[in-house]
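Asks: Got a sequence here, can you model it:
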Amino acid sequence: MRARLARKLEQTWYGSARPGALLKFLEKVYYLGFRIHQRYQLARRATDLEHSAIIVVGNLTAGGTGKTPFVIRLVELAREAGFTPGVVSRGHGRLTNEPVSVHADSDPAECGDEPVLIARRARCPVQVDSEREQAVRLLFGQGVNLVIADDGLQRSRLPRQLEICVVDRQKGAGNGHLLPAGPLREPLSRLGDIEIVVEHCGPGVLPDEAEASLMQLQPGRFTRLHGDDSCTAEGLRSQGGKIHAIAGIADPQRFWKTLAELGLEFEAHPFPDHHVFRMRDFSGFPAAEIVVMTEKDAVKCSRLALFNAWFLPVSAKFSEPLEEKLRSALHKMSKAANMKLT
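Replies: Down below sits the predicted model:
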């Protein structure tokens, strides 16, 4: 039922279907509620954090645009700039509401799959809390001097020195409507207020566009879910078994496309975003056959007894203009932080 509704909305948002009268009415209701909520948040803005080193990364559309790999790379750039960075997140998809300090071996059911992935790959302090402001204060108290808020663009209660929006270059804003008639969380005009808008484009050579802030996701080597083995797509094919590709992410088609471009033939098994995997999800796969998944899904499957399963890590690669913009912004924030200390 949920998957069928998601597919129907996807066709309306990004396909030829037009939103009906009910969706358009709900869009007006959503926008009214959004405006009221934004005013409520601004009235309760965390003024004690007003001049703190906080970067907010988010998007304007529902669904995935590649924010998590972007945040991981941004942490690396911040560290190179001399910061001690940390990340805060709401922890979407988790089963509890308690504040959690996230580590590489944390249970994604308690803190969400994306925060665990960030903790593993970025190797920085990660704090999950629905009250992001409290999480920021906690990290600053632990010695962090730059906080990156993952998926916090609409969290106007949280002050920020820099806003970054990641958009999918292929999907764009879809039909341009607000939720639920379209994919937009807030009006497209909001982009005019954001300092850096990053376009996530497809694989291949980054286009030579002088002012473009572009990002691509580059696949690494397939890595065994349990163990340290890794191999290329050719190595995976040489095993000879049938390949089942699973994806519990917002845009599974992106994963299927990557696998196809790597030369793999596979049977696709899409699951809802942030799906909590159980062994029964794999009961129809013979033990001799191969399972491949995204790195985010590997976080959720790491405690399952899947012994012929592999995940494909991806890393964000930035265009030179984007990398320069980010380094420049981090340099300015570093200078401002040093001036506060003197």
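Asks: how about the strands in the stretch 151-300 of the chain?
Replies: Using DSSP state E, counting those that start in this stretch, the strands assigned to the stretch 151-300 of the chain run over residues 162-168, 196-200, 214-219, 222-224, 230-231, 243-247, 267-270, 290-294.
Asks: Domain map for the chain?
Replies: Listed by automatic domain parsing, the domain ranges of the chain are 2-214+317-341, 221-312.
Asks: I'd like those as a markdown table, with mean neighbour count appended.
Replies: All C-beta atoms are positioned from the backbone trio N, CA, C, and that covers glycine. Formatted as a markdown table, the domains of the chain follow (neighbours: other C-beta atoms under 10 Å):
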| stretch | mean neighbour count |
| --- | --- |
| domain 2-214+317-341 | 18 |
| domain 221-312 | 17 |
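Asks: Can you lay out those domains as a markdown table showing mean pLDDT?
Replies: Below are the domains of the chain laid out as a markdown table (pLDDT from 0 to 100):
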| stretch | mean pLDDT |
| --- | --- |
| domain 2-214+317-341 | 92 |
| domain 221-312 | 95 |
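Asks: Mind giving me the packing neighbours of the one helix or strand Ala329 maps to?
Replies: Under the criterion of DSSP states H and E, Ala329 resides in helix 320-341. Judged by 3 or more C-beta pairs under 8 Å, 6 or more residues apart in numbering; DSSP states H and E, the packing partners of helix 320-341 are helix 67-80, strand 196-200, strand 214-219.
Asks: I'd like the distance from Arg132 to Asp105, if you could.
Replies: Arg132 sits 23 Å away from Asp105, going by C-beta to C-beta, to the nearest Å.
Asks: likewise Glu195?
Replies: Look at Glu195 and Asp105: by C-beta to C-beta, they are 35 Å apart.
Asks: cool, Ala21 as well?
Replies: Counting by C-beta to C-beta, the gap from Ala21 to Asp105 is 50 Å.
Asks: swap in Leu259?
Replies: Distance from Leu259 to Asp105, counting by C-beta to C-beta: 28 Å.
Asks: same check, this time on Arg190
Replies: Plainly put, Arg190 is 37 Å away from Asp105 if you go by C-beta to C-beta.
Asks: And for Thr84?
Replies: 22 Å.
Asks: what's next to the helix holding Ala329, contact-wise?
Replies: 51, 53, 55, 74, 77-78, 81-83, 145-146, 161-162, 195-196, 198, 209-215, 318 (C-beta atoms under 8 Å, 6 or more residues apart in numbering).
Asks: at 7 Å instead, please
Replies: 53, 74, 77-78, 81-83, 145, 161-162, 196, 198, 210-215 (C-beta atoms under 7 Å, 6 or more residues apart in numbering).
Asks: by how many degrees do that helix and strand 162-168 diverge?
Replies: Between helix 320-341 and strand 162-168, the angle comes out at 160 degrees (axes from the mean of the first three to the mean of the last three C-alpha atoms, to 10 degrees).
Asks: Look up how far Arg155 lies from His37.
Replies: His37 sits 10 Å away from Arg155, taking C-beta to C-beta as the criterion.
Asks: Kindly report the same for Asn308.
Replies: From Asn308 to Arg155 the distance is 41 Å (C-beta to C-beta).
Asks: And for Ala288?
Replies: Ala288 is 47 Å from Arg155, where distance means C-beta to C-beta.
Asks: between the strands of the stretch 151-300 of the chain, which gets nearest to Val29?
Replies: Val29 lies closest to strand 162-168 among the strands of the stretch 151-300 of the chain, at 24.6 Å (C-beta to C-beta).
Asks: List the strands paired with that closest one, with their directions.
Replies: Counting by DSSP bridges, the strands paired with strand 162-168 are strand 54-58 (parallel), strand 196-200 (parallel).
Asks: Name all residues that make contact with Phe266.
Replies: 243-245, 259, 292.
Asks: Equivalent analysis for Ile194, please.
Replies: 163, 165.
Asks: Adding distance to Arg237, write the contacts of Phe266 out as a markdown table.
Replies: Output for the contacts of Phe266, formatted as a markdown table (distance: C-beta to C-beta, whole Å):
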| residue | distance to Arg237 |
| --- | --- |
| Ile243 | 8 |
| His244 | 14 |
| Ala245 | 13 |
| Leu259 | 11 |
| Val292 | 11 |
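Asks: of all those, which two lie farthest apart?
Replies: Pairwise distances among the contacts of Phe266 were taken by C-beta to C-beta; the largest, 11.1 Å, belongs to His244 and Leu259.
Asks: The chain: helices as residue ranges?
Replies: Applying DSSP state H to the chain gives helices spanning 2-14, 21-43, 67-80, 108-111, 113-122, 132-141, 233-237, 252-261, 295-301, 320-341.
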